[in-house]
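Peer 1: Sequence first, then the predicted structure, then my questions.
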Amino acid sequence: MLNRNARLTAAAVIAATGIALTGCTGSTEASTSGPVKITFWGWASGYEKSVALWNESHPDIQVKYEAIANGGAGGYDKMLTAAKAGTAPCLTQIGYETFSSFLAAGMLQDVSQYVKPQRAEFPDWVWGNVGIDGAAYGVPVDTAPMGMFYRSDLFTAAGIAVPKTWEEFKAAAAAVKTADPKARIMNLPTDPYLYAGFAWQGDAPWFGVNGDAWTVSLDSAAGSTVAGYWQDLFDQDLVTSHPAFDAALYSAWSNGKVWAEVGPVWSASLIRDNAAGSAGKWAVAAMPRWGTTDAVGNSGGSATAVMKDCANPKEATEFAMWMSTNDTSVSNLIESAAILPASTSGLANAALDKPESYYGGQAIYQLFRTESAKVNSSWRWGPVMSTTAAALGDGLGKVHTKSATFQDALGRAQTDTVSALTTQGFSVSK
Amino acid sequence: MSHVTIQRRSRRRELRRAAPFVLPFLLLFVVVYLVPTGYSVVESFFSLKRSGLGLGGAETVFAGFGNYVRVFQDGDFIASLGRVTFIGVIQVPVMLGIALILALLIDSSVSTGRKFFRVAYFVPYGLPGVIAALVWSFLYAPTLSPITGFFASIGIDVSFVTDGALPFSIANILTWAWTGYNTILIFAALQAIPEETMEAAALDGCSGWKAALLIKVPLIRPALLLTLVFSIIGTFQLYNEPVTMKSVAPNLPSTYTPIMAALRSLTANDFNYAAAQSVVLGALICVLSVFVFRASARRVD
């Protein structure tokens, strides 16, 4: 009797332990024999296929791709927790805007020596997004230079010339309102990362590195010029104030109530997929310039980062470099994820010359190919971007309800960022 | 003496018999409940120290009550506590009031279609919280809302997403989603009241609304208390509704509720501070629940 009870107890305990343990199987890597195994976390469509292409031709280095949630939608949190628990994969997809945060958290591995031979593949401003002082902690995949998407039918009908400078843009904004009192030229940029693209172009970097310390300059004079410009358009009631990525904005694009969008290259698919009603009526022009300065902003783009605990950084880097530069892989990425390749060889890909029917048959990626060489190179992302972006986003969200200005938002983001940095022990230089 | 020994022995035997049934639960309880809670508490007493650009990684240092001092100096976190308190104070009484009335109506013998209403009130609770919040977001969105559109057409400017309106808009979603759930809980308690009690009351000339208020309500006090405590906890843990509404109300700050604030710290890779925020929130809810239970127990005596 006792014996049977004891056995029952043991069985129950074992069963319960089994349930408890299945939840925490770690990733197993680095086997002693056989092919090198590398795990890769990402979310962009097309990565899985590029990985499959690699695995076919590289039997010695097998990459295991695991699709995770988009970085901002929980993917980064997953990586942070995995790194803390020691179960992080070898490679991860990280957007440039978050790259510095991972770098400053000490979660990435310096792979400069492995990328050195192909240094010339990417322009310096792109390398600046994946490392500090010439070091590299990953391989860039794509960039997102900005351009101006506009309703060519409406601009032509109203006889308004396509603005080439921000001065002309303001005049055009007034002309649009005159032509159709219910329409505006553009929606107010209130998404912090989209807004960053405007600061980026305006030579108003938010962060910098001064020796062994970070500099924070969201509230710089150049930043105020950009902020003042948008505040002025808003105060004169020349822009709409829909939330970013909102259905109301999409329908305004579709039914001709918002005539243009100055946004990154990926706005092309954002507009195409959400404003189907205005197919064929859009066109793309270069981003308006500040006076005679021939520079554009960038908003987006990502890299394949090598995580700190990766046991095979050389092989991992080799794969990452291949994914970003190999012709078949790049063609696949352009095809399925509509990316603008970061590499020089990738930019030469013929897939970018394809005319886009949504944009009236214009080969829009040719424009972005040219513009990507003109991205302002002074920009640097900061080490606590989620704090900076949350603070700025909160502030920008208040602009449209008129309870704050762009300048207030930048000021608050500056304070919050500096205080987050100092609390965590980073050196901040004034 | 021998009687005690026998009792002790039989007790031990009972324990041994119960073990296979209790141990799995105990083990899971420890693994998924006590350990994480303890882990958070431990984490909250440490912090990461970096230096320079931070490239060298961080070392974990003992911070004492440092994170807790930060919590109580964090204006955003304090404001988030204030917000959920405000929403709770206006929403919980309204919701429980409606739930009580509806439960009494379903329970009363005069009402028709009781089965239908019992299910109808419960339906909103069956919808996942995020879906409900999403649907309401569309009803609130300034440019899409049919309600705003209707008022605009008769010349009245209404917005559900101004800073001042947000707490009420959120309270409305909560009430819509949770009233039915509370109604069912209260209704179940009403069903448990013995028939004889009500018959006796009727014989004494107490019936209708009077009987409901003077006899039924005091009898179901434990159920009411339970719904009250659940509702308070729910309000303090508010998350789905404000996060979903943020897409139509950009003026809703990212630290609107305590859990949103803690999650923001987590996303900022500030695990230790997030742990301290969570511990403070948990402790507050605990204290509040105990306080409510105690206060009402005293009144029963």
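Peer 2: Structure received.
Peer 1: now residue 58, nearest residue through space, not along the chain?
Peer 2: Because you didn't say which chain, this covers chain A. residue A:319 (7.6 Å; Cβ to Cβ, 6 or more residues apart in numbering or on different chains). C-beta: built from backbone N, CA, C; applies to glycine.
Peer 1: Not quite, go with chain B.
Peer 2: residue B:48 (4.0 Å).
Peer 1: Surely the one you found is in a strand?
Peer 2: Yes - the assignment for residue B:48 (DSSP: H, G, I helix; E, B strand; the rest coil) places it in a strand.
Peer 1: residue contacts, it?
Peer 2: A:424-425, B:58-61, B:270-272 (Cβ atoms under 8 Å, 6 or more residues apart in numbering or on different chains).
Peer 1: show me what contacts the residue nearest to residue A:58?
Peer 2: Neighbours of residue A:319 in contact, by Cβ under 8 Å, 6+ apart: A:38, A:40, A:54, A:58, A:61, A:63, A:91.
Peer 1: Surely the first one forms part of a strand?
Peer 2: Yes - checked against three-state DSSP, residue A:38 lies within a strand.
Peer 1: what residue ranges in the chain score low on pLDDT?
Peer 2: By default, I'm working from chain A. Along chain A, the parts satisfying pLDDT under 70 run over A:1-33.
Peer 1: Please refer instead to chain B.
Peer 2: B:1-6, B:109-111, B:298-301.
Peer 1: Kindly list the longest helix within it.
Peer 2: helix B:75-107 (DSSP state H).
Peer 1: right, is that one up against chain A?
Peer 2: No - using Cβ under 8 Å from any Cβ of the partner chain, we find that helix B:75-107 stays clear of chain A, coming within 8.9 Å at best.
Peer 1: Next SSE downstream of that helix?
Peer 2: helix B:114-126 (DSSP states H and E).
Peer 1: buried sites along whatever helix or strand comes next after that following helix?
Peer 2: As assigned by DSSP H and E, the chain's next helix or strand after helix B:114-126 is helix B:129-140. Buried residues in helix B:129-140, counted by 16 or more other Cβ atoms under 10 Å in any protein chain shown: B:129, B:132-134, B:136-137, B:139-140.
Peer 1: tell me which of those residues is nearest to residue B:245?
Peer 2: residue B:137 (5.3 Å; Cβ to Cβ).
Peer 1: leaving aside the residues next to it on the chain, what's closest to the closest residue to chain A within chain B?
Peer 2: Sorted by distance to chain A under Cβ to the nearest Cβ, the residues of chain B start with residue B:57, at 2.7 Å. Take residue B:57 and drop its neighbours on the chain: the residue closest to it by Cβ to Cβ, 6+ apart is residue A:106, 2.7 Å away.
Peer 1: so that neighbour, which of the three states?
Peer 2: Residue A:106 - assigned by three-state DSSP - is coil.
Peer 1: What separation do you get for it and residue A:425?
Peer 2: 12 Å (Cβ to Cβ, to the nearest Å).
Peer 1: Mutual contacts of these two, please.
Peer 2: B:50, B:54, B:58.
Peer 1: Which of those ranks first by neighbour count?
Peer 2: For the shared contacts of residue A:106 and residue A:425, the largest number of neighbours (other Cβ atoms under 10 Å in any protein chain shown) sits with residue B:54, at 24 neighbours.
Peer 1: who's in contact with it?
Peer 2: A:103-106, A:383, A:424-426.
Peer 1: excluding its backbone neighbours, what's nearest it?
Peer 2: residue A:104 (3.7 Å).
Peer 1: The one you found: neighbour count?
Peer 2: Residue A:104 has 27 nearby residues by other Cβ under 10 Å.
Peer 1: wait, doesn't it sit right on residue A:384?
Peer 2: Yes - if you go by Cβ atoms under 8 Å, residue A:104 and residue A:384 touch, sitting 7.5 Å apart.
Peer 1: Not counting stretch A:112-120 itself, show me its contacts.
Peer 2: A:127, A:131, A:134-136, A:139, A:313-314, A:317-318, A:321, A:325, A:344.
Peer 1: quick one, strands of the stretch 151-300 of chain A?
Peer 2: With strands called from DSSP state E, counting those that start in this stretch, the stretch 151-300 of chain A shows them at A:186-187, A:207-210, A:213-216, A:239-240, A:260-264, A:282-286.
Peer 1: looking at those, which is buried most?
Peer 2: Mean neighbour count (mean count of other Cβ atoms under 10 Å in any protein chain shown) peaks for strand A:260-264 among those, with a mean of 26.
Peer 1: That one versus strand A:282-286: what angle between them?
Peer 2: Comparing the axes of strand A:260-264 and strand A:282-286 via axes from the mean of the first three to the mean of the last three Cα atoms, to 10 degrees yields an angle of 60 degrees.
Peer 1: Walk me through which strands strand A:260-264 pairs with, and which way each runs.
Peer 2: Paired strands of strand A:260-264, with direction, are strand A:146-151 (antiparallel) (DSSP bridges).
Peer 1: Residue nearest the middle of the chain, spatially speaking?
Peer 2: As the question left the chain open, I've gone with chain A. The centroid of chain A falls nearest to residue A:300 when counting by Cα atoms, centre = their mean (2.6 Å).
Peer 1: hm, I was asking about chain B
Peer 2: Centre-most residue of chain B, counting by Cα atoms, centre = their mean: residue B:234, 1.1 Å.
Peer 1: Where does that residue sit, in terms of helix or strand?
Peer 2: helix B:221-236.
Peer 1: buried residues in that helix?
Peer 2: Buried, per 16+ other Cβ under 10 Å, within helix B:221-236: B:223-232, B:234-236.
Peer 1: Figure out how far the helix or strand just after that helix is from the centre of its chain.
Peer 2: Going down the chain from helix B:221-236, the next helix or strand is helix B:240-245, by DSSP H and E. Offset of helix B:240-245 from its chain centre (Cα atoms, centre = their mean, to the nearest Å): 15 Å.
Peer 1: in chain A, what residue is nearest chain B?
Peer 2: For chain A, Cβ to the nearest Cβ, closest residue to chain B: residue A:106, 2.7 Å.
Peer 1: how does the chain divide up, domain by domain?
Peer 2: No chain in the question, so chain A it is. A:36-144+A:300-348, A:146-298+A:357-429 (automatic domain parsing).
Peer 1: Switch to chain B, please.
Peer 2: Under automatic domain parsing, the residue ranges defining each domain of chain B are B:2-62, B:67-300.
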